[in-house]
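Engineer: Got a predicted structure here, sequence first:
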Amino acid sequence: MKANIVLLGPPGSGKGTQGEMLSEELGYAKLSTGDMLREAVRNKTPLGLEAKAYMDGGGLVPNDLIIGLMKEKIASLAPGTGAIFDGFPRTVEQADSLGEQIDVDLALNLDVADGEIVKRLTFRRSCSKCNAVYHLEYNPPKRDGLCDKCGSALYQRDDDMEETVRNRLKVYREKTLPLIEYYESKGRLVTIEGVGDIAGIFAKVKKAVE
Ligand code: AP5
C-alpha cells in the first residue's frame, strides 16, 4: 500500500517539481489542482471561465468549486496506488473534505523564504502540454523555449508577475498556513528545507516518503 501525500508550502516552493519527480520515480498518481484549473481555463470550460479571475489576481478559487472537482478525482483513484496532492488542500475546509474521503499519511511542507520565491516565479517557464516546469537560471530547458520532455513551447504563467506573486504569498499566509498546524496536530507533518539543489531536496523528500 502506497501512502497518500499532501504537498504543502508557499507558491514556488517546489511542490510541482518535487511532486513530478516522486510521481515519475516512485509511480504515484499526482493530482495538481493548479494544473487542472489551468487546463480548464485553456479549454474555456464553465469551471475555467469562473476560476480565471481568481487565479489571475492571485486569490483562491472558491472552496465549493475545488471540493466538487477533487471529490470526483479522488473517487476515481485506484485503492492503494498512493496519491500526491499538489496544491490541494489549501484551506481547512478543503483539508476536512479530503480527510472524509481518504487518510492522509504524510503532509510534506517545503519551507522557502519569500525573497527566493519571487526570484523563482518571475523566472519560471511552464509547459502547457505536459505541465513540466523550468527555471531560466536554476533549471533551464536544454533547448531555449522548448520542453525537454515533450518538445512543446514553454510559456510564462499569467500569475507569475511580481505583484501577483506577492498577493499569492499574502493569500497563502492567510488561508493555507493554518494547514501546517492542522497536519502537525494529526502527527502527519514533515517539514523540509526547500532551498538548494533540486536533487538534494528530492533525496530528503524521498527519505520522508519511504
Ligand atoms: P498552483 O498552480 O497550485 O500554484 P502554487 O501553489 O502557487 O504553486 P506553484 O505552481 O506556483 O509553485 P510550486 O510550489 O509548484 O513550485 P514549482 O515546482 O513550480 O495554483 C495556481 C492558482 O490556482 C492559485 O493561485 C489559485 O488561484 C488556484 N488554485 C489552485 N489550487 C487551488 C485550491 N486547492 N484552492 C483554491 N484555489 C486553487 O517551482 C517554482 C519555480 O522554482 C520553477 O521555476 C522551478 O524550476 C524552480 N525551482 C523548484 N525547486 C527549486 C530549487 N530547489 N531551487 C531553485 N529553483 C527551484
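Structural biologist: Good, I have the coordinates.

Engineer: Quickly find the element holding Ala51.
Structural biologist: Taking DSSP states H and E as the definition, Ala51 sits inside helix 46-57.

Engineer: For that helix, buried residues please.
Structural biologist: Neighbour counts over helix 46-57 (16 or more other Cβ atoms under 10 Å) mark Leu47, Gly48, Ala51, Lys52, Tyr54, Met55 as buried. Using the backbone N, CA and C atoms, a C-beta is placed for each residue, glycine as well.

Engineer: I'd like the next helix or strand past it.
Structural biologist: With elements assigned by DSSP H and E, the helix or strand that comes after helix 46-57 is helix 63-75.

Engineer: for this protein, what spans make up the strands?
Structural biologist: For the chain, the strands defined by DSSP state E cover 4-8, 29-32, 83-86, 106-111, 124-127, 133-135, 154-155, 189-193.

Engineer: Which of the ones you listed sits closest to Thr176?
Structural biologist: strand 4-8 (7.4 Å; Cβ to Cβ).

Engineer: what's the residue of the chain found nearest the ligand in contact with, if anything?
Structural biologist: Nearest to the ligand, among the residues of the chain, is Gly34, at 1.9 Å (Cβ to the nearest ligand atom). Taking Cβ atoms under 8 Å, 6 or more residues apart in numbering, we find Gly34 in contact with Gly16, Asp86, Gly87.

Engineer: returning to what we had before: mind picking the one among the buried residues of helix 46-57 that's closest to Ala29?
Structural biologist: Nearest member of the buried residues of helix 46-57 to Ala29, counting by Cβ to Cβ, is Leu47, at 20.6 Å.

Engineer: right, and that closest one touches Leu65 too?
Structural biologist: Yes: here Leu47 reaches Leu65: they are 6.4 Å apart, a contact under Cβ atoms under 8 Å.

Engineer: In space, what's closest to Glu50 - neighbours in sequence excluded?
Structural biologist: Among residues not flanking Glu50 along the chain, Leu65 sits closest, at 6.5 Å (Cβ to Cβ, 6 or more residues apart in numbering).

Engineer: residue contacts, the one you found?
Structural biologist: Neighbour list for Leu65: Leu47, Glu50, Ala51 [criterion: Cβ under 8 Å, 6+ apart].

Engineer: Give me the distance between the last one and Ile5.
Structural biologist: Translated: Ala51. 24 Å (Cβ to Cβ, to the nearest Å).

Engineer: just Ala132 next, same as before
Structural biologist: 20 Å.

Engineer: who's more crowded, those two?
Structural biologist: Higher neighbour count among Ala132 and Ile5: Ile5, with 25 against 19, using other Cβ atoms under 10 Å.

Engineer: list the contacts for the more buried one?
Structural biologist: Taking Cβ under 8 Å, 6+ apart, we find Ile5 in contact with Leu22, Tyr28, Gly82, Ala83, Ile84, Phe85, Val104, Asp105, Leu106, Ala107, Leu108, Val209.

Engineer: Now the residues you listed in JSON lines, please, with extra columns for pLDDT.
Structural biologist: As requested, these are exported to JSON lines (pLDDT from 0 to 100):
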{"residue": "Leu22", "pLDDT": "95"}
{"residue": "Tyr28", "pLDDT": "93"}
{"residue": "Gly82", "pLDDT": "90"}
{"residue": "Ala83", "pLDDT": "96"}
{"residue": "Ile84", "pLDDT": "97"}
{"residue": "Phe85", "pLDDT": "98"}
{"residue": "Val104", "pLDDT": "97"}
{"residue": "Asp105", "pLDDT": "97"}
{"residue": "Leu106", "pLDDT": "97"}
{"residue": "Ala107", "pLDDT": "98"}
{"residue": "Leu108", "pLDDT": "98"}
{"residue": "Val209", "pLDDT": "93"}
